[in-house]
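Trainee: Show me the folded form of this:
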Amino acid sequence: MKIKIEVKGVEETIAKLSTLNAKARKAVEQQIAESALNIQMGAKKRCPVRTGALRNSITVDFYGKMSAQIGPHMLYDKYVEFGTRKMAAQPYLFPAFEEERPKLEEGIIKAIKEASE
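Mentor: Predicted coordinates:
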């Protein structure tokens, strides 16, 4: 299961980022990669462990230089994250994203400002 978070205006933002100078673009790409790895690490720390299989299946896949997908590769992962009628949710992926999101946003803004100076 991959949790897909859609943010309105992403395509327009990526198009605008693509018009940045090479220095700014590189800084933004580095921030995205760093944040993706931080989300992976945060999800692994929060992931409940019974056998370790779920935690070990959390990976980062990069698509281009400004896009990453983070998530586990187990059939039962969504049940752990969201719960079932018989089992309480044990969120690990979404909280990791929420913790990193402000850092990602600030990092992108900082990278653009520094590269534009």
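
Trainee: And the residue nearest the centre of the chain?
Mentor: Centroid-nearest residue in the chain: residue 36, 4.3 Å away (criterion: CA atoms, centre = their mean).

Trainee: Verify the contact between that residue and residue 67 for me.
Mentor: No: contact between residue 36 and residue 67 fails when scored by CB atoms under 8 Å: they sit 9.1 Å apart. Bear in mind the C-beta positions are built from the backbone N, C-alpha and C, glycine included.

Trainee: For this protein, which segments count as helices?
Mentor: Along the chain, counting by DSSP state H, helices occupy 10-18, 22-46, 53-56, 77-82, 93-116.

Trainee: List just the one of these that sits closest to residue 71.
Mentor: helix 93-116 (6.3 Å; CB to CB).

Trainee: and the closest residue to residue 107 other than its chain neighbours, what does it touch?
Mentor: Excluding the flanking residues, the one nearest residue 107 by CB to CB, 6 or more residues apart in numbering is residue 31, at 3.9 Å. When the contact criterion is CB atoms under 8 Å, 6 or more residues apart in numbering, the partners of residue 31 are 104, 107, 108, 111.

Trainee: got a winner among those for most neighbours?
Mentor: Among those, the one with the most neighbours (other CB atoms under 10 Å) is residue 111, at 22 neighbours.

Trainee: ok, and the closest non-adjacent residue to that one?
Mentor: The shortest distance from residue 111 to any non-neighbouring residue, by CB to CB, 6+ apart, is to residue 27 (3.4 Å).

Trainee: I'd like to know how many residues surround that neighbour.
Mentor: A total of 20 residues lie near residue 27 under the criterion other CB under 10 Å.

Trainee: Just want to check the distance between it and residue 34.
Mentor: Note on residue 27: its distance to residue 34, by CB to CB, to the nearest Å, is 11 Å.

Trainee: What of residue 101?
Mentor: 13 Å.

Trainee: My understanding was that residue 91 contacts residue 77; is that so?
Mentor: No: at 11.4 Å, residue 91 does not count as touching residue 77 under the criterion of CB under 8 Å.
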